[in-house]
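K.L.:
this one's sequence-less:
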């Protein structure tokens, strides 16, 4: 692999450039993790990077297969969703002439090692070296912070005139309901206007499913993630109205396909985050996809990074986060994390030893279960893992 330049680096992943001039990048997911948008947490989790890369490859390949979409439309997991809403999906051009005929377009190419050579999933699980996702090349249009009328704003540059592929600076967040213990979607329960704008015909209940999925937009590349309305999402996306509509339709359909996929594995999918790249070859599903960008429950127990969020939920540090965000917003500061550390003297502690041992097993367990093969040896089944967490 002729790769050295770091194109993007986050708390738990980085994207490496290719100096050979090819139309590709390499996504490396690490064993580090981030929750509550804090940034890198004090622990690393065994097998996390390799397992999430394998799961992402499995899901990308599943969505790229046209047969997936034929099965999705017939899945019993979709029965709770309004039939008229589903019919609009199945009759839309995105489903009829793209997904059902060609499968979902993605930026994924292969699982590879540091030398750029393809790896099987079994080889990736056993590798002592980093496992990478070989992906199509795209640019990041990073917003620039400006101050107008004493208000901090972010200015988004337009896509380059050469038409090169770029990473859409939005998160498309779908929700099938208000997940157990989720305090963030109260607006869908209390704000009737907001609820109606998202097509919900009745007021949802806590820990209850909607009669159709809801799609929301969040900023992707700003220091602090923001909920956006449709107008601002269009303005900063770099997309035409037609392409944003296509991304919305793709998001609905991918959400349905994921619901069906995980239901067949005994996993309940409540919500998830999708990202896209756009360019001359159209829109493509991007980033990675798996238990750390989806809310998944197995027999009522949350797995993935939800397991880690729950591990910290009752800590002093977690209790200060809302206050730190409020203080940073009042001071027009970009780093609420700094307020948390300096003003509130709070930061996350490492996981307790018992929880750390469970977390070290979790990602290998999930990879084995979702892919349907024993890739990570000497790991319990998902049912055994969940049972052990309840007894701790």
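P.N.:
Looks like it arrived, so ask away. Predicted model, so just to flag it, every value in this text is computed and none were measured.

K.L.:
quick one: contacts of the host helix or strand of residue 14?
P.N.:
In this structure, residue 14 sits in strand 13-16 according to DSSP states H and E. Residues outside strand 13-16 that contact it (CB atoms under 8 Å, 6 or more residues apart in numbering) are 3-9, 25-30, 132, 135, 288. In short, each C-beta sits where N, CA and C put it, glycine included.

K.L.:
6 Å - rerun?
P.N.:
Outside strand 13-16, the residues that touch it by CB atoms under 6 Å, 6 or more residues apart in numbering are 3, 6, 7, 8, 25, 26, 27, 28, 29.

K.L.:
next secondary structure after that strand?
P.N.:
Past strand 13-16, the next helix or strand by DSSP H and E is strand 24-29.

K.L.:
next one: that following strand to chain centre, how far?
P.N.:
16 Å (CA atoms, centre = their mean, to the nearest Å).

K.L.:
stretch 115-124 too?
P.N.:
Mean-position distance between stretch 115-124 and its chain equals 23 Å (CA atoms, centre = their mean).

K.L.:
picking up where we left off before, select from the contacts of strand 13-16 the one having the most neighbours.
P.N.:
Highest neighbour count within the contacts of strand 13-16: residue 29, with 25 neighbours (other CB atoms under 10 Å).

K.L.:
what pairs with it across the strands?
P.N.:
On the basis of DSSP bridges, residue 29 is bridged to residue 13.

K.L.:
not counting sequence-adjacent ones, nearest residue to residue 77?
P.N.:
Spatially, and ignoring its direct neighbours in sequence, residue 77 is nearest to residue 263 (3.6 Å; CB to CB, 6 or more residues apart in numbering).

K.L.:
quick check: the one you found vs residue 270, distance?
P.N.:
12 Å (CB to CB, to the nearest Å).

K.L.:
between those two, tell me which one has more neighbours.
P.N.:
Per other CB under 10 Å, whichever of residue 263 and residue 270 has more neighbours is residue 270, with 21 against 15.

K.L.:
and that one, what element?
P.N.:
strand 267-274.

K.L.:
just checking: what are the partner strands of that strand?
P.N.:
According to DSSP bridges, strand 267-274 forms sheet pairs with strand 170-177 (antiparallel), strand 294-298 (antiparallel).

K.L.:
export these to TSV and tack on mean neighbour count and mean pLDDT?
P.N.:
Formatted as TSV, the strands paired with strand 267-274 follow (neighbours: other CB atoms under 10 Å; pLDDT from 0 to 100):
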stretch	mean neighbour count	mean pLDDT
strand 170-177	23	96
strand 294-298	22	96
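
K.L.:
can you tell which of the ones you listed is closest to residue 110?
P.N.:
With CB to CB as the measure, strand 294-298 is the member of these nearest residue 110 (22.4 Å).

K.L.:
can you mark which positions in stretch 57-65 are buried?
P.N.:
57, 58, 59, 60, 61, 62, 63, 64 (16 or more other CB atoms under 10 Å).

K.L.:
which ones are touching the fourth one?
P.N.:
Pointing back at residue 60 there. Counting by CB under 6 Å, 6+ apart, residue 60 has contacts 106, 108.

K.L.:
helix/strand/coil for it?
P.N.:
helix (DSSP: H, G, I helix; E, B strand; the rest coil).

K.L.:
and the pLDDT at it?
P.N.:
We have a pLDDT of 98 for residue 60.

K.L.:
what does the last one give?
P.N.:
Note on residue 64: pLDDT of 98.

K.L.:
how about the strand holding residue 14: buried residues?
P.N.:
Quick answer for strand 13-16 (16+ other CB under 10 Å): 13, 15, 16.

K.L.:
and the lengthiest helix in the chain, what does it pack against?
P.N.:
When the chain is parsed with DSSP state H, its longest helix is helix 241-263. Other elements packing on helix 241-263 under the criterion 3 or more CB pairs under 6 Å, 6 or more residues apart in numbering; DSSP states H and E are helix 66-72, strand 170-177, strand 267-274.

K.L.:
which strands and helices sit next to the first one?
P.N.:
Pointing back at helix 66-72 there. helix 241-263.

K.L.:
okay, buried residues for the helix it packs on please.
P.N.:
Going by neighbour count (16+ other CB under 10 Å), the buried part of helix 241-263 is 243-244, 246-262.

K.L.:
by mean pLDDT, which helix or strand of the chain comes out lowest?
P.N.:
None of the helices or strands of the chain scores lower by mean pLDDT, DSSP states H and E than helix 186-190, at a mean of 78.

K.L.:
show me where pLDDT drops low in the chain?
P.N.:
When residues are selected by pLDDT under 70, those of the chain lie in 1-4, 19-21, 183-185, 332-334, 391-392.

K.L.:
taking the centroid of it, which residue is nearest it?
P.N.:
In the chain, the C-alpha nearest the mean C-alpha coordinate belongs to residue 293, at 2.9 Å (CA atoms, centre = their mean).

K.L.:
touching, it and residue 273? I think so.
P.N.:
Yes - if you go by CB atoms under 6 Å, residue 293 and residue 273 touch, sitting 4.4 Å apart.

K.L.:
what residues sit buried inside stretch 198-209?
P.N.:
For stretch 198-209, the neighbour count (16+ other CB under 10 Å) marks 198, 200, 204, 209 as buried.

K.L.:
and for it, what's in contact with it?
P.N.:
Under the contact criterion CB under 6 Å, 6+ apart, stretch 198-209 has outside partners 80, 176, 177, 178, 180, 188, 189, 210, 214.

K.L.:
quick one on the thing from earlier: dump the buried residues of stretch 198-209 into JSON lines; add secondary structure and distance to residue 50 as well.
P.N.:
Shown next, in JSON lines, are the buried residues of stretch 198-209 (DSSP: H, G, I helix; E, B strand; the rest coil; distance: CB to CB, whole Å):
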{"residue": "198", "secondary structure": "coil", "distance to residue 50": "37"}
{"residue": "200", "secondary structure": "coil", "distance to residue 50": "39"}
{"residue": "204", "secondary structure": "coil", "distance to residue 50": "37"}
{"residue": "209", "secondary structure": "strand", "distance to residue 50": "33"}
